[in-house]
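K.L.:
sequence isn't available, so here's the structure alone:
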């Protein structure tokens, strides 16, 4: 992967870099020496050492014995797995078997749809919650538990895996009483940083992803991302650039993709940055757009509206599937697309749009991924995780807590 | 429908209203007397008079003769139809027949998926583009045209309907040469204002929606929305409130839903406001969130991050489907959800969240819809359309042009 800053040079000069450098080095130091705020939550820095044997065995068993896998999770226990499975193009496994995600809404309709589809199928249930007590998770779990007991009687506990913390909460208690298979989310890894733990790796492995290659991909950039010289460390560079732009009143960062399968990766990124930076009345507002779809809605705003945004565009260079426009029938009316392919036109739109938005006053950074492979996924995940931690330290907040998430829960009396 | 401003009163006082009133009345006047900027684009104000006979007949024919309907459209020629079909819960028609939307991306994967599913099915094609020349539309059209010719030979033209302007562009030319069935998008209605024209009404009717009731719903609020007194006109009131908040540096409006089927309605709203207001370096940045999902990602930011947002929450009061949590098995561990229903818990979360966010400094307006009916859809669509026009006039911009959308296209050389 690469980070290309050529469309940022009209917005950021060397003085900007000089000005922010001391704070950036302090932040980087704090993370590297593991002594900053939230330093008890740095388990994700060592995820590469995870033992995958049990994950792979259980994933293989589930793949072989299930037509439908239902995953109950929300936030970090949902978005990482969904982002990775879509990134890898694995939404069907083993001849059209399906993975459904529930527990991320109290809207009953998705639950009813999945129950309906599951009646005559072999179903396996994954329940993922670090705390083991989240309201949305426990609500969906109770309904699905009754469904599984109705279907599998006393063997229901052989048809589920629970992923939660080691000692606390309803789910751990349930595991102990009913002797379910379980995995642990380490205490020192927050939900939004848990994509390289069993919370996402088991779902990815069930879907057919090679989790060893994902971990290898992340491990392959460790050395580069430890470099103190930001010119040779894109992870540090991205953190610096977004803080410079924030100081220039670019209050919104838009993560942009031109490929549909990145949609949930954009949502995963949004959670990572929103929860890490949005505190102490500070933080860049993270949002995302899918182009061309959203070019025809938000394009006008970015081009000519309030100049409070910057864009970070993710492009993927080598794509396996394509469609060529064979316009033999229609060419007398249209020939501007003659013999062109969809991916080629998509890349031309990307290029044209970055130039138009930059000219219109919106800075655009460009992240280039080589392909939709496991290795590239591991790299870009670790890139954003580490960059986010550095960026939050530069901003002056603890990247690893999320006190505000609990606020609404205090008001719930049901 | 109702607009409830009780969670806004700590953020807006009577002086704020007094200050903005002259500009608001000027804006309202300009729209009512149809003499403001873009006043040649006010056809949507008279949509209720549309003759629906031909739409209903052709929709009936398509429903009876198709297993798959592919709709090619982008922006206003996509989001309105998709929003309405999802709002009404009509994503399957006639025993599991499907509507697929293409043309909103140059990513080839969705196109390949739909082509794959369409091989052995009766397929009908709708092509929607006001200009009749949009790059993404024409690219998808050429591929699907070849597919339809391969499948239906010389009868291909009986298997498609084209919706475009009356006289110009590739699509109108195609209609004239190949004698396809077609509908007209009036010149005086912009794409984002076209939901009550054939551009969305034909897709909705194919899906099984009662379009007469949608138009009746919109017509039923005309009188109320003409009232000069904002206390008795929620359409004027919403426009006023968002401009007051904008002046108080609330630069981002988040439209929030707790119901999954509103997702594309949020996107439709985003286009409406982004293209109408995002110009002359002005405009509130419109974005959307789906709770609970996004409470566990953006909740932290809204609660404790930069205080630059306000929320408009859409809640729906009477829901037909629900799931009750029968926790007989599990109640010794959890009883806080005992015998509660999903919709009940969802409404409690909504209430708790509005109070938490308001306490945290984020103003929240609340739009209450009675149900997911056609009538309520017609009302809320017209509410946002008219409110958006008033709001843009208060802001001092032309609500009906979108010069910036074309910028990126000028840079495309393929």
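P.N.:
Sure, I can see it. Not measured: the values here are computed from a predicted model.
K.L.:
and the closest residue to residue A:191 other than its chain neighbours, what pLDDT?
P.N.:
Computed as C-beta to C-beta, 6 or more residues apart in numbering or on different chains, the closest residue to residue A:191 that is not its neighbour in sequence is residue A:76, at 2.7 Å. Yep, even glycine has a C-beta here, placed from its N, CA and C like the rest. Listed pLDDT for residue A:76 reads 95.
K.L.:
stretch A:199-216: which residues count as buried?
P.N.:
Residues of stretch A:199-216 classed as buried: A:199-212, A:214-215 (neighbour count, 16 or more other C-beta atoms under 10 Å in any protein chain shown).
K.L.:
picking that back up, my guess is the residue nearest to residue A:191 contacts residue A:194, does it?
P.N.:
Yes. Counting by C-beta atoms under 8 Å, residue A:76 touches residue A:194, with 5.1 Å between them.
K.L.:
got a list of what the residue nearest to residue A:188 when sequence neighbours are not counted touches?
P.N.:
With sequence-adjacent residues excluded and distances taken as C-beta to C-beta, 6+ apart, residue A:188 is closest to residue A:43, at 3.6 Å. If a contact means C-beta atoms under 8 Å, 6 or more residues apart in numbering or on different chains, then residue A:43 has A:186, A:187, A:188, A:189, A:193 as its contacts.
K.L.:
cool, and residue A:343?
P.N.:
Counting by C-beta under 8 Å, 6+ apart, residue A:343 has contacts A:319, A:322, B:106, B:108.
K.L.:
next, residue A:315: phi, psi?
P.N.:
Here is the backbone geometry of residue A:315 (degrees, to the nearest 10): phi -120, psi 150.
K.L.:
and what of residue A:99?
P.N.:
Residue torsions, per degrees, to the nearest 10, at residue A:99 are phi -110, psi 130.
K.L.:
that one contacts residue A:206, doesn't it?
P.N.:
Yes. If you go by C-beta under 8 Å, residue A:99 and residue A:206 touch, sitting 6.8 Å apart.
K.L.:
intersection of neighbour lists for those two?
P.N.:
A:69, A:93.
K.L.:
on that earlier part again, just the buried ones from the contacts of residue A:43?
P.N.:
Buried among those by 16+ other C-beta under 10 Å: A:186, A:188, A:189, A:193.
K.L.:
and which of these is nearest to chain B?
P.N.:
residue A:193 (13.1 Å; C-beta to the nearest C-beta).
K.L.:
and the closest one, what's its pLDDT?
P.N.:
98.
K.L.:
ok, it - contacts?
P.N.:
With C-beta under 8 Å, 6+ apart, residue A:193 has these contacts: A:41, A:43, A:44, A:76, A:272, A:385, A:400.
K.L.:
which SS class is the fourth one?
P.N.:
What that stands for is residue A:76. Under DSSP: H, G, I helix; E, B strand; the rest coil, residue A:76 falls in the helix class.
K.L.:
re the thing from before, now, which of the buried residues of stretch A:199-216 lie within helices?
P.N.:
Secondary structure assignment by DSSP state H places A:199-207, A:211-212, A:214-215 of these in helices.
K.L.:
returning to what we had before: sitting in strands, which of the contacts of residue A:343 do you find?
P.N.:
In strands, defined here by DSSP state E, there are no members of the contacts of residue A:343.
K.L.:
biggest helix in chain A, by residue count?
P.N.:
Chain A, longest helix under DSSP H: helix A:374-395.
K.L.:
do that one and chain B meet?
P.N.:
No. Using C-beta under 8 Å from any C-beta of the partner chain, helix A:374-395 never reaches chain B; the gap is at least 10.4 Å.
K.L.:
any of the contacts of residue A:193 buried? List them.
P.N.:
Looks like the contacts of residue A:193 have A:41, A:43, A:44, A:76, A:272, A:385, A:400 buried, using 16+ other C-beta under 10 Å.
K.L.:
OK, contacts around the last one?
P.N.:
For residue A:400, the contacting residues are A:37, A:38, A:41, A:42, A:190, A:193, A:276, A:389, taking C-beta under 8 Å, 6+ apart as the criterion.
K.L.:
for it, which non-adjacent residue is spatially closest?
P.N.:
Of all residues not flanking residue A:400 in the chain, residue A:38 sits nearest, at 3.2 Å (C-beta to C-beta, 6+ apart).
K.L.:
could you pull up phi and psi at the one you found?
P.N.:
phi 80, psi 20.
K.L.:
that one against residue A:397, yeah?
P.N.:
No. Assessed by C-beta under 8 Å, residue A:38 is found out of contact with residue A:397, at 9.4 Å.
K.L.:
compare these two (neighbour count), which wins?
P.N.:
residue A:397 (22 against 19; other C-beta atoms under 10 Å in any protein chain shown).
K.L.:
now the phi/psi pair for that one, please.
P.N.:
phi -130, psi 160.
K.L.:
quick check: it touching residue A:273?
P.N.:
No. Residue A:397 is beyond contact range of residue A:273, at 11.5 Å (criterion: C-beta under 8 Å).
K.L.:
which residues are in contact with both of the two?
P.N.:
Common neighbours of residue A:397 and residue A:273 (C-beta under 8 Å, 6+ apart) are residue A:283.
K.L.:
sorry, back to before: in JSON lines, list the buried ones among the contacts of residue A:43 along with secondary structure.
P.N.:
Listed next are the buried ones among the contacts of residue A:43 as JSON lines, based on three-state DSSP:
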{"residue": "A:186", "secondary structure": "coil"}
{"residue": "A:188", "secondary structure": "coil"}
{"residue": "A:189", "secondary structure": "coil"}
{"residue": "A:193", "secondary structure": "helix"}
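K.L.:
which bits of the stretch 151-300 of chain A sit near chain B?
P.N.:
Counting by C-beta under 8 Å from any C-beta, the stretch 151-300 of chain A sits next to chain B at A:170, A:173-174, A:191-192, A:251-252, A:258-261, A:267, A:270-271, A:274-275, A:277-287, A:290-300.
K.L.:
of these, grab the buried ones for PyMOL.
P.N.:
For the buried members of those, the matching PyMOL selection, counting by 16+ other C-beta under 10 Å, is:
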select buried, chain A and resi 170+173+174+191+192+251+252+258+259+260+261+267+270+271+274+275+277+278+279+282+283+284+285+286+287+290+291+292+293+294+295+296+297+298+299+300
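K.L.:
quick one: which of the residues of the stretch 151-300 of chain A next to chain B sit in strands?
P.N.:
Using DSSP E, these in strands are A:252, A:285, A:286, A:287, A:290.
K.L.:
make a markdown table from these and add pLDDT to it.
P.N.:
Compiled in a markdown table, those are given as follows (pLDDT from 0 to 100):
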| residue | pLDDT |
| --- | --- |
| A:252 | 98 |
| A:285 | 98 |
| A:286 | 98 |
| A:287 | 98 |
| A:290 | 98 |
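K.L.:
tell me which two of the residues you listed sit farthest apart.
P.N.:
A:285 and A:290 (17.7 Å; C-beta to C-beta).
K.L.:
residue nearest the centroid of chain A?
P.N.:
Centroid-nearest residue in chain A: residue A:268, 2.8 Å away (criterion: C-alpha atoms, centre = their mean).
K.L.:
so residue A:264 sits right up against residue A:78, yeah?
P.N.:
No. Look at residue A:264 against residue A:78 with C-beta under 8 Å: they stay out of range, at 9.0 Å.
K.L.:
neighbour count: those two, which is higher?
P.N.:
residue A:78 (31 against 20).
K.L.:
separation between the more buried one and residue A:117?
P.N.:
19 Å (C-beta to C-beta, to the nearest Å).
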